[in-house]
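>>> Here's my sequence, what's the structure:
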Amino acid sequence: MEHRTEKSPVLPWITVLVISLGLLTACGGVNATPLPVYWNAPAFTLTDQDGQRVSTSDFAGRVWLVNFIYTACPDECPLELMPKMRKVQELVKADARLAGKVQLVSISVDPDTDTPSVLKAYGKAFDADPTLWRFLVGTEQETADLLENGFKVGLTQGHSDEASSEEHSEINHPLRFVLVDAAGRIRGIPPSSDMTAEQFVEDMRRLVGEEN
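Numbers count the residues shown, from 1 in each chain. Here you go, the predicted model:
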């Protein structure tokens, strides 16, 4: 006698559901935790590397990544912050989904030294694309207010004497990046050492995806 095994009609649907959930997870779907919302990014108007005035409103509708640098920095800026932002720029330019939706911003914490022309030369040394990566500078008071009360990352300045007896100015600037969404809300303030360029870009994709 021939025995037939009946196929349950439920099994194909379970298979489809498992595959669908897997695809959603891979695309940042049901299991993706949204990035936290901290506070609104501060409003500002600063000067860029081309001498143009730039306001927060110029970044409206775009996700932006900010770091804080100064061109005379002997260590963290040229060794950590600038190379990481350059890598972010490279990854952003390679992703068509981010075209026109992302802005990179480096804000100088040394306005006495970092004139627009100095910032422009510094950016060129790190292959900065001026259409994507802006370097901004304001007055000393604007900078202090922006970092301490706006982005809330802090800023301290100190002076020390080198062996040559010439006074050396040392700026202990924040080694954090700030991630801002297209609605102008701060969504991340991690120390640079906690994030790779790839991780920053992945978070930027998530925020761009929120707008879509």
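
>>> Could you give the separation between the terminal residues of stretch 182-189?
End-to-end span of stretch 182-189 (Cα to Cα, to the nearest Å): 16 Å.

>>> and that stretch, how far out from the chain's middle?
10 Å (Cα atoms, centre = their mean, to the nearest Å).

>>> For that stretch, which outside residues touch it?
The contact list for stretch 182-189 (Cβ atoms under 8 Å, 6 or more residues apart in numbering) reads 35-41, 56, 59-63, 101, 151-153, 176-181, 203, 207-208, 210-211. For every residue, glycine as well, the C-beta is placed using N, CA and C.

>>> and those, which are buried?
35, 38, 41, 56, 59, 62-63, 101, 151-153, 176-181, 203, 207-208 (16 or more other Cβ atoms under 10 Å).

>>> for the chain, what are the low-confidence residue spans?
For the chain, the stretches with pLDDT under 70 are 1-32, 156-169, 212.

>>> ranges for the helices of it?
Ranges of helices within the chain are 10-26, 76, 82-93, 116-125, 140-145, 197-211, based on DSSP state H.

>>> Which one, of these, ends up nearest to residue 49?
helix 116-125 (3.9 Å; Cβ to Cβ).

>>> Contact partners for residue 134?
Contacts of residue 134 were listed using Cβ under 8 Å, 6+ apart, and they are 48, 49, 54, 103, 104, 105, 106.

>>> could the residues you listed go into a markdown table alongside neighbour count and distance to residue 199?
Formatted as a markdown table, the contacts of residue 134 follow (neighbours: other Cβ atoms under 10 Å; distance: Cβ to Cβ, whole Å):
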| residue | neighbour count | distance to residue 199 |
| --- | --- | --- |
| 48 | 19 | 27 |
| 49 | 26 | 27 |
| 54 | 19 | 27 |
| 103 | 21 | 18 |
| 104 | 21 | 15 |
| 105 | 20 | 18 |
| 106 | 26 | 19 |
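
>>> in the sheet, who's paired with the residue nearest to the spatial centre of the chain?
Centroid-nearest residue in the chain: residue 65, 2.2 Å away (criterion: Cα atoms, centre = their mean). Residue 65 has these beta-bridge partners by DSSP bridges: residue 104, residue 179.

>>> quick one: the nearest residue to residue 59 once chain neighbours are set aside from residue 148, how far?
Counting by Cβ to Cβ, 6 or more residues apart in numbering, residue 59 lies nearest to residue 103, which is 5.1 Å off, once chain neighbours are set aside. Here the criterion is Cβ to Cβ, to the nearest Å. By it, residue 103 lies 23 Å from residue 148.
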